[in-house]
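**Student:** Quick one, fold the following:
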Amino acid sequence: DLMDEIKARIAKGQRTLVTTLTKKMAEDLSAYLTAAGIKCRYMHHDIGAIERMEIIRDLRLGEFDVLVGINLLREGLDLPEVSLVAILDADKEGFLRSETSLIQTIGRAARNAEGLVIMYADSETPSMRAAITETERRRRKQDAYNKAHGIVPQTIIKSVRDIIEISSEADKGTRRRDGLKMTEAERREEIQKLEKKMREAAKMLEFEYAAILRDQLIKLRGEK
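**Tutor:** This is a model prediction of the structure:
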């Protein structure tokens, strides 16, 4: 069933996200799909920030069609090309399958007019039911708003910025030109600048840029 759904998206030039619970499951599924002729990649916490952004860029550009991962939420993914989100083991209660996580994962398909979410499970958990109920409530509210204002839902068109450009922008200012270590005052000032840039990037839906800025902030805050 999942294979058929993926192929249907590929035929339309659309992308698919598949969330798993373990790194091994992500790797095994990615290998299985690749062996079946599906262009697929997997992403997990061992992959560095820049490589993660490169993977996201390549997915959006159509270099591959399916991205398999564990906690894809942490990327702040904004992927309008994704029309299918498949949640495996949706009935395994826990952090990654809580009501909040499920709602957030479901939202990954919301930016595509043909967005569809499939939860694979042996039974329906309270978290699944709550997530479905909340999603349906939001959809009814959005549909009513669209009808009242004559809005026809359309897939969001968002340019794919080159990852080298994004990462170099994020890296500007985090190093002194003379190569010396920042003073404490310089470090605090740079943290404030990065925080402002990150908020602005998120506001402009530049989530890839915001994610790299976040990693720069974490690194800078750890320097003493």
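
**Student:** Strands along this protein, start to end?
**Tutor:** 15-19, 40-43, 66-69, 82-87, 116-119 (DSSP state E).

**Student:** Let me have those strands in TSV, extended by mean pLDDT.
**Tutor:** Converted to TSV, the strands of the chain look like this (pLDDT from 0 to 100):
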stretch	mean pLDDT
strand 15-19	94
strand 40-43	92
strand 66-69	94
strand 82-87	92
strand 116-119	93
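
**Student:** Relative to I47, how far out is I56?
**Tutor:** Computed with Cβ to Cβ, to the nearest Å, the distance linking I56 and I47 is 11 Å. In this view, the C-beta of every residue, glycine as well, is placed from N, C-alpha and C.

**Student:** what do you get for R138?
**Tutor:** 31 Å.

**Student:** before we move on, what about R129?
**Tutor:** The spacing between R129 and I47, counted by Cβ to Cβ, is 33 Å.

**Student:** do the same with R139
**Tutor:** Between R139 and I47 the computed distance is 33 Å (Cβ to Cβ).

**Student:** just F64 next, same as before
**Tutor:** As judged by Cβ to Cβ, F64 and I47 stand 15 Å apart.

**Student:** In terms of secondary structure, what does the longest helix seen in the chain contact?
**Tutor:** If you go by DSSP state H, the chain has its longest helix at helix 126-149. Contact analysis of helix 126-149 by 3 or more Cβ pairs under 8 Å, 6 or more residues apart in numbering; DSSP states H and E lists helix 99-106 as its packing neighbours.

**Student:** which residue ranges form the helices in the protein?
**Tutor:** In chain order, the chain shows helices spanning 2-11, 23-35, 49-61, 99-106, 126-149, 163-171, 184-203, 207-222, with DSSP H as the criterion.

**Student:** Okay, domains of this protein per the record?
**Tutor:** Dividing the chain into domains by automatic domain parsing, as the record does, gives the ranges 2-149, 163-222.

**Student:** winner for burial among these?
**Tutor:** domain 2-149 (a mean of 17; mean count of other Cβ atoms under 10 Å).
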